[in-house]
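Undergrad: below are the sequence and a predicted model for it; my questions follow.
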Amino acid sequence: VLLDNFIAATEQHKLQQEIKIRAANRKPGGAIDPLLENLSTTIDTEKELEGTIGLIWNLIDEDANGSVSYEEVREGLLKLNTTPRIRLTEDDFGGITENFALCSNDRKVSRAA
């Protein structure tokens, strides 16, 4: 039991460190910073992070077709209870999608990306 607790605590620490490193590597003032800050302070395990990201994806992908457009992402992020509110611009979406490189020809991102 002691070893299991130690392993769980180590995994939690590694996950929190990874989130902090990713946050530090982002450009200042990133549009989704409020969401990332919330995730970094409330998520304890990788499984919990994956589950939360899945819930957010489902909220954003309203038509459940497996891909999301800029408009869907913008509207979905506005529904999240973040402070400050996330007001995503098309330029922000371009930055998040690596200048739309992660998008299909119709500028949609699939969950697999």
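TA: On my side now, so go ahead.
Undergrad: contact partners of the longest helix seen in the chain?
TA: When the chain is parsed with DSSP state H, its longest helix is helix 2-25. Outside helix 2-25, the residues within contact range by C-beta atoms under 8 Å, 6 or more residues apart in numbering are 33, 36-37, 39-40, 43-46, 49. (Each C-beta comes from the backbone N, C-alpha and C, glycine too.)
Undergrad: quick check: the farthest pair among these?
TA: The span of these, defined through C-beta to C-beta, is set by Asp33 and Thr45 at 22.2 Å.
Undergrad: and the strands in the protein?
TA: Secondary structure of the chain, counting by DSSP state E: strands at 67-68, 109-110.
Undergrad: one step back: neighbour-wise, which of the contacts of helix 2-25 leads?
TA: Ile43 (19 neighbours; other C-beta atoms under 10 Å).
Undergrad: which stretches of the chain have low pLDDT?
TA: Along the chain, the parts satisfying pLDDT under 70 run over 22-29, 113.
Undergrad: mind running it again at 90?
TA: 1-30, 81, 83, 111-113 (pLDDT under 90).
Undergrad: tell me where it has helices.
TA: So, for the chain - with DSSP H - the helices run 2-25, 33-42, 46-60, 70-79, 90-96.
Undergrad: right, I'll leave it there.
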